[in-house]
Every structure is written in C-alpha cells, then in structure tokens.
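**Student:** I'd like to go over a predicted model; first the sequence, then the structure.
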Amino acid sequence: NAGVMQNPRHLVRRRGQEARLRCSPMKGHSHVYWYRQLPEEGLKFMVYLQKENIIDESGMPKERFSAEFPKEGPSILRIQQVVRGDSAAYFCASSPTDPWTGEENGYTFGSGTRLTVV
Amino acid sequence: GQNIDQPTEMTATEGAIVQINCTYQTSGFNGLFWYQQHAGEAPTFLSYNVLDGLEEKGRFSSFLSRSKGYSYLLLKELQMKDSASYLCAPWGDSWGKFQFGAGTQVVVTP
C-alpha cells in the first residue's frame, strides 16, 4: 500500500517562474492537506481540499498561490512568479475521513517537495 | 487561534529517558497528536490522545491534561535513531487544519 506520494522531491526555480507541486494521496484517502515548512520552523497549514472542492484555504497566501484536487489525478499546489521567500519544504498529507476516527494511517504525510528559488 | 509551546532542543544519552513538554491553547479541543520528523523526511505519526491520562506504546508514551492544556511525550531507552524533531499538534475545532509547534529537536549522544 503506497503512502502519500509527492513529486518532485526537489525543485529549483528561478525568480519569476512557476512551480507546480504534486501530491497523490494514499489509496482510499479522499482528503488532502498542504503544509509549508520554512527552515528551522514548524509546519504551517496552507489548504485543505477534497475532490473538486477547497474546504479551507485560510493558510494560503492571498496572491500567487493556488491549489486544486481534481476528480482525476493528483492534487496540485501551484506557485506563480516565485520569489526567494517561497523557498521551503512543502508537505502534503492525506486522510480517509473527516474527521480522523482512530486508524493508524488517519493523517499521513508525504516526503515533501523541497523548493529552492534562485 | 492556537498557541503551541515546546522546548527547542533537548539532549540525552543513549539508554536514557527524555520528556518533551507541550503546552497549547486552542479554540475547541478534539485531541492532540505527536509526530516524529527526521531531517529531510516526512513527519510520521506517533500518538494521539483525546482523554486525560497516559497512553503507552512501546518505548514511547504520551500524556494529556485537557484542563491544563498540557501534554508530554516520554521517550524511554533512547536509541541513536530517536534523534529527530518531535512535533506537538493539538486538534482544535477544525479538522485537518493542524497548527504544529516548531518542534523539539532531540539529540541522542553515545
């Protein structure tokens, strides 16, 4: 049973380019969450999505950032016109239900995408 | 909103015991998670407490006091592989929107 799959693991972009980060949830999971982790800081919630719906985007910056979770395919976190301050590790988590009901893999993280903006 | 406070770093020797404290303030409360994160890797689930008291799982135990807004993670018989960051994450009134503490970096020395 594959876990949460994120790709790419590492992404380098020049200032002004676009970054696309992908997340495929665990099999059987229909809820996806994105987090950002800056160096030496904790995980910061960005957005919570279900298939074709954004449930909570209160942690998303107002500009340049968007997220989707289409009916088919992975969830995508898109960052337009990247700046150096966007350099961070972006983690995706998935869960099968809302809310968690006690299963061990109830809220599972992927290995993250490390974005470097040069 | 949520406030989460845990120590930045703790050092202990192999075989010893370390207790990582976490205090929190949340809007509503539905439980508290602890995760382990090795450098450059995904956070992995360790424990979940919803009722007051101690939950034991092998070498790791987690304690919760809801009235005090306090939890701790106890690591026993420390091993070198336990060197990692430990993240406290209370679940407030919004599922999925966890606010993690900055993490406690545990350094295990020989």
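**Tutor:** Nice, I can see it. Residues are numbered from 1 along each chain as shown, chains lettered A, B, ... in the order given.
**Student:** so B:R59 touches B:L75, yeah?
**Tutor:** Yes: in terms of Cβ atoms under 8 Å, B:R59 counts as a neighbour of B:L75; the distance is 6.5 Å. The way it works is simple: take the backbone N, C-alpha and C, and place the C-beta from them, glycine included.
**Student:** Of those two, which one has the most company?
**Tutor:** Higher neighbour count among B:R59 and B:L75: B:L75, with 23 against 13, using other Cβ atoms under 10 Å in any protein chain shown.
**Student:** Now do the same contact list for that one.
**Tutor:** Residues near B:L75 by Cβ atoms under 8 Å, 6 or more residues apart in numbering or on different chains: B:I17, B:V18, B:Q19, B:I20, B:R59, B:F60, B:D82, B:V106.
**Student:** cutoff 7 Å now
**Tutor:** B:I17, B:V18, B:R59, B:F60, B:D82 (Cβ atoms under 7 Å, 6 or more residues apart in numbering or on different chains).
**Student:** ok, for it, nearest residue in space, not its chain neighbours?
**Tutor:** B:V18 (5.0 Å; Cβ to Cβ, 6 or more residues apart in numbering or on different chains).
**Student:** What distance do you get for the one you found to B:D5?
**Tutor:** In this view, B:V18 and B:D5 are 17 Å apart by Cβ to Cβ, to the nearest Å.
**Student:** Please say which of those two ends up with more neighbours.
**Tutor:** Neighbours per residue, other Cβ under 10 Å: of B:V18 and B:D5, the larger number sits with B:V18, 20 against 14.
**Student:** The more buried one against B:E77, yeah?
**Tutor:** No: in this structure, B:V18 is not within contact of B:E77 by Cβ atoms under 7 Å, at 10.6 Å.
**Student:** show me where chain B has helices.
**Tutor:** Taking DSSP state H, chain B contains no helices at all.
**Student:** Extract the residue ranges of it that are flagged as low pLDDT.
**Tutor:** B:1-2 (pLDDT under 70).
**Student:** one more time with 80
**Tutor:** Scanning chain B for pLDDT under 80 picks out B:1-2, B:93-97, B:99.
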